[in-house]
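Undergrad: Show me the folded form of this:
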Amino acid sequence: MATIDIALPDELMAALTPPVCADLQLPSFSATVPSVSLPIGGSLQGVADFTRGIPTDCSMNFSLIAQLAPIMASMECPLSILQAITKIQKALTEATSLTGIVSAVQDIGSALGDLSTCLKIVVPIYGQAEFVKSLLLLIANMILCTVNALESILKILTGLSLQLSAAQAAGNDDLAASLQCAQENAQTSANATMQSMQPIQVLLSLAQPFLQIAQVNLSLSLPTTIDPSDLDAVEALLTTLGTVAQDIKTIAGAIP
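TA: Here you go, the predicted structure:
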């Protein structure tokens, strides 16, 4: 049977052309992590939330805003106390006459009145231990959340590695190229997921004063990078992180 070649429009040919890996490749995670210096010392860093996809500069900057709001709210009373102390010091310094003493008493009363809301705050002793316990459980759960996400990626990488080897052995270059692209995307996802360990480490550092009050000794250095091409190393890391999370839960459980 004779065959007839029919020329197709360029637009249709372009639509039928299989996409190359460059068209499907996920963007790499930016190595620059935004931060904000705090007026009381230290700094906040943007959070790489892998649950919302590969983090971007915009998403990490918005995470800083979410962190700053409660920090600034918690600083309201300390700043009010410092302002009140300044007013009282000034009033006492200027109280050099009877009129000055009367004025100083009024100024001191006004300064203390500004603290009426803050003076109502009562923090029970047991509240510190309860806070530390819940904080440790939060950290453990965040680590386990990362472990679960990496376990899913590891399964994908393992399957892709086997399929890629089979495609290369069969000489199927098109399939091998597609599998290679999928493998690179999975590796990119693994690297982005590991970035979630960074805010956990920051949280551990910020928790140290509270841990000391509760007499809890916990000093950890969590990894923030990984070589997703080494599947054995990834599996070993997941085992280690799972053990660390369970140990933290055990410590939290021992707090009365």
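Undergrad: Quick one: mean pLDDT over stretch 186-197.
TA: The pLDDT scores in stretch 186-197 average 86.
Undergrad: Run the chain-centre distance for it.
TA: 12 Å (C-alpha atoms, centre = their mean, to the nearest Å).
Undergrad: for stretch 151-160, same thing?
TA: On C-alpha atoms, centre = their mean, the centre of stretch 151-160 falls 23 Å from the chain's centre.
Undergrad: mind listing what's buried in that stretch?
TA: By neighbour count with 16 or more other C-beta atoms under 10 Å, stretch 151-160 contains the buried residues 153-154, 156-157, 160. The C-beta positions use only the backbone N, C-alpha and C, and glycine is treated the same way.
Undergrad: do the same with stretch 175-188
TA: 176, 178-179, 181-188.
Undergrad: And stretch 134-141, by the same measure?
TA: 135-137, 139-140.
Undergrad: List just the nearest of the buried residues of stretch 175-188 to Ala236.
TA: If you rank the buried residues of stretch 175-188 by distance to Ala236 using C-beta to C-beta, Gln187 comes first, at 16.9 Å.
Undergrad: re earlier: restricted to strands, list the buried residues of stretch 151-160.
TA: Using DSSP state E, no member of those falls within strands.
Undergrad: Return the closest of the residues you listed with respect to Gly109.
TA: Ile153 (62.6 Å).
Undergrad: for the closest one, what are its contacts?
TA: 186, 189-190, 193, 228 (C-beta atoms under 8 Å, 6 or more residues apart in numbering).
Undergrad: Among those residues, list the two that are farthest apart in space.
TA: Top of the distance list for the contacts of Ile153 (C-beta to C-beta): Ala186 and Thr193, 10.4 Å.
Undergrad: Please indicate which of the contacts of Ile153 are buried?
TA: 186, 189-190, 193, 228.
Undergrad: For the residues you listed, give me CSV that also has secondary structure.
TA: Putting the buried ones among the contacts of Ile153 into CSV (DSSP: H, G, I helix; E, B strand; the rest coil) gives the following:
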residue, secondary structure
Ala186, helix
Ser189, helix
Ala190, helix
Thr193, helix
Pro228, coil
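Undergrad: quick one, helices of the protein?
TA: Using DSSP state H, the helices of the chain run over residues 10-16, 21-24, 57-74, 76-94, 98-113, 116-119, 125-170, 173-194, 197-213, 231-254.
Undergrad: Please report the distance of Ala129 from Ile108.
TA: 36 Å (C-beta to C-beta, to the nearest Å).
Undergrad: do the same with Ile101
TA: Taking C-beta to C-beta, one finds Ile101 at 10 Å from Ile108.
Undergrad: Check Gly53 too.
TA: In terms of C-beta to C-beta, Gly53 sits 55 Å off from Ile108.
Undergrad: before we move on, what about Ala186?
TA: Distance from Ala186 to Ile108, by C-beta to C-beta: 66 Å.
Undergrad: pLDDT below threshold where in the stretch 51-200 of the chain?
TA: Counting by pLDDT under 70, the stretch 51-200 of the chain has low-confidence residues at 51, 97-100, 114-128.
Undergrad: Run through who's touching stretch 95-110.
TA: 87-88, 90-92, 94.
Undergrad: Which among the residues you listed count as buried?
TA: 87-88, 91.
Undergrad: Thought Ala140 was touching Gln246, still the case?
TA: Yes: contact criterion C-beta atoms under 8 Å: Gln246 and Ala140 qualify, at 7.5 Å.
Undergrad: per-domain residue ranges of this structure.
TA: Domain assignment of the chain by automatic domain parsing yields the ranges 54-122, 125-256.
Undergrad: Next, format those domains as CSV and append distance to Val36.
TA: Formatted as CSV, the domains of the chain follow (distance: least, C-beta to C-beta, whole Å):
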stretch, distance to Val36
domain 54-122, 6
domain 125-256, 12
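Undergrad: among those, which is nearest Pro9?
TA: So among the domains of the chain, domain 125-256 is nearest, using C-beta to C-beta, at 23.6 Å.
Undergrad: show me the contacts for Ala170.
TA: Applying C-beta under 8 Å, 6+ apart to Ala170 gives no contacts.
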